[in-house]
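Novice: coords below, sequence missing:
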């Protein structure tokens, strides 16, 4: 197998080079979503835009669940990569792809057949019901390709390769944007054209990623990714490690929806200012959220390779890199939110909204680094093969704390500032909790394996 920089190279440099493409990929996805909305809004009008936006949350449940299982598979595969266990490596990869294909097809069939029921539950308005149903059925029909691509890209990253998934993502986004322009703008196919463009781009991504997997230089031989294969042992490990992450991915949006419902009671100005703050904080989330999976792959590979000293050292170096990056961005947001905020709002509304944006941002900016600590060390814990404890820690310190704050603390104050302090408290709780959790789990795990 080819030498792997995550195992043998300079730790800080290796982590940085691995995480930068992950950050870039997340940024490209955000930019694509924006461009897609512009194209649909300009050519399909408010009905097309509303039809897509009204069911976006619906697709997140199967996608988030499968991404959790994919993360479990990535952890297993990363350990085999580190251990240079060719037989189990190939078996686990083919099993992961088979599971993704089977569950992806099931999700597509079920979603397509149940789309009318989903729209009823989502209370989609009558004036956009037809367009939304068309979009739903086409998108669900091709959902298998998105699920399969996410699994395949996760496997590439398990080898320490974050660059080629980025290249595939760039190509996919370009295909999608061109497809949107042609199908929606030129041929006037509306939301159906937008859905077809997305699915076609994903299918191209799957084909390219499978070819990359089949030709991996450090896999110890050709991987027969085109042949379905099922191993009960690896399937069991994948579910055991991945299911807590899948459950967490599904429950996290529920807690945030409850918080958003409370924000929506604070008036239009507060809602708009909060929305601007979220956009200003986008790079914070991209950096911190990308370090989590980077730490998972790094820790799992080094654990599999028996590089126990690098495990703990790398986890704290990666956390430090994240803190420095998030801290730098936080200083900018603390000092310059009043200058950047007006980019997102009309001049006539800026007089009322920007003071709120500055106030909210100056409350949150000094505490973002706690979120960076939580994400990095959560990923490190998962890399140790411990996913149940991080799930419980996340659900308690972030989700449960926020929901309890909204239910029991907010009624006494009824202010936007109270909601922000609830968010800050959850970041502090999560950061401290994951620091102690990683110290405990790494000490226990490394003592056992050594």
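Specialist: Noted; the coordinates are in hand. Everything quoted here is computed from the prediction, not taken from an experiment. Numbers count the residues shown, from 1 in each chain.
Novice: count of residues packed around residue 117?
Specialist: Per other CB atoms under 10 Å, the neighbour tally for residue 117 reads 9. Backbone N, C-alpha and C define where each C-beta goes, glycine included.
Novice: Distance of it relative to residue 441?
Specialist: Counting by CB to CB, to the nearest Å, the gap from residue 117 to residue 441 is 42 Å.
Novice: swap in residue 149?
Specialist: 31 Å.
Novice: and these two? which has more neighbours close in?
Specialist: Remark: of residue 149 and residue 441, residue 149 carries more neighbours, 27 against 20, as counted by other CB under 10 Å.
Novice: tell me the contacts of the more buried one?
Specialist: Contacts were defined as CB atoms under 8 Å, 6 or more residues apart in numbering; by that measure residue 149 touches 202, 205, 206, 209.
Novice: again, but for residue 304
Specialist: 78, 79, 80, 81, 82, 83, 85.
Novice: that older thread, between the contacts of residue 149, which is closest to residue 14?
Specialist: Relative to residue 14, the closest of those is residue 209; by CB to CB it sits at 22.7 Å.
Novice: okay, now that closest one: neighbour count?
Specialist: Residues near residue 209, counting by other CB under 10 Å, number 25.
Novice: repeat for the one 3 residues further on
Specialist: Other residues within reach of residue 212 by the criterion other CB under 10 Å amount to 19.
Novice: Not counting sequence-adjacent ones, nearest residue to it?
Specialist: Closest residue to residue 212 apart from its sequence neighbours, by CB to CB, 6 or more residues apart in numbering: residue 164 at 5.7 Å.
Novice: was I right about that neighbour contacting residue 215?
Specialist: No - here residue 164 does not reach residue 215: they are 10.5 Å apart, not a contact under CB atoms under 8 Å.
Novice: If you count surrounding residues, which of the two has more?
Specialist: Higher neighbour count among residue 164 and residue 215: residue 164, with 18 against 11, using other CB under 10 Å.
Novice: show me what contacts the closest residue to residue 26 other than its chain neighbours?
Specialist: Counting by CB to CB, 6+ apart, residue 26 lies nearest to residue 286, which is 4.6 Å off, once chain neighbours are set aside. By CB under 8 Å, 6+ apart, the contact list for residue 286 reads 23, 26, 27, 30.
Novice: rerun at 7 Å
Specialist: 23, 26, 27 (CB atoms under 7 Å, 6 or more residues apart in numbering).
Novice: so where's the stretch 301-450 of the chain uncertain?
Specialist: Low-confidence segments of the stretch 301-450 of the chain (pLDDT under 70): 448-450.
Novice: Show me what counts as buried in the helix or strand that contains residue 320.
Specialist: Element membership for residue 320 (DSSP states H and E) is helix 308-340. Within helix 308-340, the residues scored as buried using 16 or more other CB atoms under 10 Å are 308, 310-312, 314-319, 321-323, 325-326, 329-330, 333-334, 337, 340.
Novice: Would you indicate which residues of whichever strand or helix holds residue 351 are buried?
Specialist: Assigned by DSSP H and E, residue 351 belongs to helix 347-364. If you call a residue buried by 16+ other CB under 10 Å, then helix 347-364 has these buried ones: 350, 353, 354, 356, 357, 358, 359, 360, 361, 363, 364.
Novice: That one packs against which elements?
Specialist: Helix 347-364 sits against helix 268-280, helix 308-340, helix 416-449, with contacts defined as 3 or more CB pairs under 7 Å, 6 or more residues apart in numbering; DSSP states H and E.
Novice: Next, the angle from that helix to helix 416-449.
Specialist: Angle of helix 347-364 versus helix 416-449, following axes from the mean of the first three to the mean of the last three CA atoms, to 10 degrees, is 40 degrees.
Novice: hang on, isn't residue 175 packed against residue 204?
Specialist: Yes - using CB atoms under 7 Å, residue 175 makes contact with residue 204 at a distance of 5.9 Å.
Novice: Which residue lies nearest the spatial centre of this structure?
Specialist: Central residue of the chain (CA atoms, centre = their mean): residue 289, 7.0 Å from the mean position.
Novice: Was I right to think that one contacts residue 375?
Specialist: Yes - contact criterion CB under 7 Å: residue 289 and residue 375 qualify, at 5.9 Å.
Novice: hmm, who's touching stretch 236-256?
Specialist: 60-61, 64-65, 67-69, 71-73, 75-76, 96, 99, 382, 385, 387-388, 391, 394-395, 399, 402-403.
Novice: Quick one, which of the residues you listed are buried?
Specialist: Buried among the contacts of stretch 236-256 (16+ other CB under 10 Å): 64-65, 67-69, 71-73, 75-76, 96, 99, 382, 385, 387, 391, 394-395, 399, 402-403.
Novice: Can you flag which of those residues belong to helices?
Specialist: Among those, DSSP state H puts 64-65, 67-69, 71-73, 75-76, 96, 99, 382, 391, 394, 402-403 in helices.
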